[in-house]
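> Structure for this input, please:
(one chain, ligands or ions: 1)
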Amino acid sequence: MDGSGDAHALLGMDDFVVLATTDEDGECFVLVETRERVVGCPSCGVIASGHGRSIIQVRDLPMGDRATRLVWRKRRYLCRDVGCEKRTFTEESELVEHALTRRAAMEICRRVGEDGHSVAQVARELGTSWWTAMAAVRRHGTPLVEDPSRLDGVRSLGVDEHKMLSATRRHHSFYATSFVDIERGRLLDVVPGRSADDVAYWCFGATQTWKAGVETVAIDPHRGYANGLFRGLPGAVVTIDHFHAIKLANEAINDVRRRTQNETLGHRGHRDDPLYRTRRLMTRGWERLAPHQRDRLLTALRAGDPDGEVGACILGKELLREVYAARSLPVAKQRLEIFYSHVAWAEVRELARLGRTVRAWETEILNFHVTGASNGATEAQNLITEKIRRTGHGFRNFENYRLRLLLHSGVKWNTRPTARIRGRHPRLVA
Ligand SMILES: [Zn+2]
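Purely as a prediction, here's the structure:
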């Protein structure tokens, strides 16, 4: 036995032979070299002769809980052609790259990308620097993300904005726009900004075939987006989904609640205020409230909403929900009229504003009943985005941010499943 079988089992690295392994200070050292073979000079091709060794150390995957260091006795060669400029050279292996074994680099990329772990955590566990780990993520992740087939066959596109970095004393908040394949629930891309131009620019980069394939687009009621999309995807039906419309209605409820609190109590929300205490019940669907919660809400409104303005806004939200819950387009249209007449009758400033927004987006809202497209997948993606953003403690580098998000939710990982131990023994026992 020449030890190469060991190397293969231990390293999964065919070209290498394990010479020795030791344990020092809880760290595992594996001394390796390549098999001996005839080597030609990379410059002139003349057969080279051995010329000593140089030793390099790289990180490999941990063995159990021990960090592992591969100590590679690299062969040095001397070109036998006296006229050659190359003189001496050192062997290379594609299994070792930038202070890491290739498989360690790939595992770092997978842990950060697929598992969504932080670069700092993975770097710490492997015993490498943040920079080395992040470089491995870039090296192995970028080809996955830039693979153009990732964007193939999108029929239903969701577009949504989210905050990438919150404002501090030194900078404003940074926003980004995500593009999601709603049907398959996959992140397609993230671009900086949230204006019509930012969206249009992304669409501009797509091929004609791709653009023609997009049948529906679900968006946040953000005028800028629509403008960008109408320019980029003229054939797609634009919809405002349920989630975003109700989010607007809930903002109206919160605004009128705060104003009412100010007017009746002379201060902002306080935990003893009846309205403040029931604020979460106000934005929840009425049918989802338990009887005692409905009682609490109605009691709070009797106590803290003398003009019935908050109540009118809550009813407005429920009527808008009814529009979305309608089973057909004609019923949705009827219910929208009921919503409008309630808004007109109530004469509440915030509700009137909501009514104007709904009217401006009426076609897109009713399109929900034409296409059935929902932005639910985009919303789910926003939650994942938030998780990654927290893991990364806020990103300052947009390219890193985009890479991390796309590796987590935009690419397919072909992770080999581990076989369960049962029955068959490996050959070494037999
Ligand atoms: Zn040479």
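> Check the contact between Arg110 and Thr415; I expect there is one.
Yes. Assessed by CB atoms under 8 Å, Arg110 is found in contact with Thr415 at 6.8 Å. For glycine as for every other residue, the C-beta is placed from the backbone atoms N, C-alpha and C.
> the more surrounded of these two?
Arg110 (18 against 9; other CB atoms under 10 Å).
> what residues are up against the residue lying closest to His408 once chain neighbours are set aside?
Excluding the flanking residues, the one nearest His408 by CB to CB, 6 or more residues apart in numbering is Gly116, at 5.1 Å. Each residue near Gly116 by CB atoms under 8 Å, 6 or more residues apart in numbering is listed here: 387-388, 391, 408.
> contacts for the strand or helix carrying Ala380?
Secondary structure from DSSP states H and E places Ala380 in helix 376-391. Helix 376-391 is contacted from outside by 116-118, 158-160, 162, 164, 178, 180-183, 185, 187, 218, 241, 243, 395, 401, 404-405, 408-409, using CB under 8 Å, 6+ apart.
> could you flag which of the residues you listed are buried?
In these, burial by neighbour count holds for 116-118, 158-160, 162, 164, 178, 180-183, 187, 218, 241, 243, 395, 401, 404-405, 408-409, counting by 16 or more other CB atoms under 10 Å.
> Just these: which are in strands?
Mapping the buried ones among the contacts of helix 376-391 onto strands (DSSP state E) picks out 158-160, 162, 164, 178, 180-181, 187, 218.
> Which of these sits closest to the ion?
Lowest distance from the ion to these (CB to the ion) belongs to Leu187, with 49.8 Å.
> what are the bridge partners for that closest one, then?
Note on Leu187: beta-bridge partners by DSSP bridges are Val180.
> check contacts around it.
Taking CB under 8 Å, 6+ apart, one finds 178-181, 381, 384, 405-406, 408-410 in contact with Leu187.
> hmm, try it at 6 Å
180, 381, 409-410 (CB atoms under 6 Å, 6 or more residues apart in numbering).
> can you check Leu351 too?
Per CB under 6 Å, 6+ apart, neighbours of Leu351: 252, 313, 316, 343.
> gap between the two ends of stretch 35-47?
Stretch 35-47 stretches 16 Å from its first residue to its last (CA to CA, to the nearest Å).
> let me redo that: stretch 349-368
Stretch 349-368 has its terminal residues 27 Å apart, counting by CA to CA.
> Tell me the gap between that stretch and the middle of its chain.
Relative to its parent chain, stretch 349-368 has a centroid offset of 30 Å by CA atoms, centre = their mean, to the nearest Å.
> Please identify the helix or strand for the closest residue to Leu403 other than its chain neighbours.
Closest residue to Leu403 apart from its sequence neighbours, by CB to CB, 6+ apart: Gly141 at 5.5 Å. Using DSSP H and E, Gly141 sits in helix 130-146.
> hmm, who's touching that helix?
By CB under 6 Å, 6+ apart, helix 130-146 touches 99-100, 105-106, 108-109, 112-113, 119-120, 122-123, 403, 406-407, 411.
> so the residue nearest to Glu97 when sequence neighbours are not counted, which of the three states?
Computed as CB to CB, 6+ apart, the closest residue to Glu97 that is not its neighbour in sequence is Ala105, at 5.9 Å. Taking DSSP: H, G, I helix; E, B strand; the rest coil as the rule, one finds Ala105 in the helix state.
> likewise Ile421?
Three-state call for Ile421 (three-state DSSP): coil.
> and it, backbone torsions?
phi -80, psi 110 (degrees, to the nearest 10).
> what's the burial count for it?
Neighbours around Ile421, by other CB under 10 Å: 8.
> Also Phe174?
Around Phe174 there are 18 other residues, counting by other CB under 10 Å.
> low-confidence ranges in the chain?
Residues of the chain meeting the criterion pLDDT under 70: 1-13, 222-224, 268-269, 373-375, 394, 423-424, 426, 428-430.
> That concludes my questions; thank you for your assistance.
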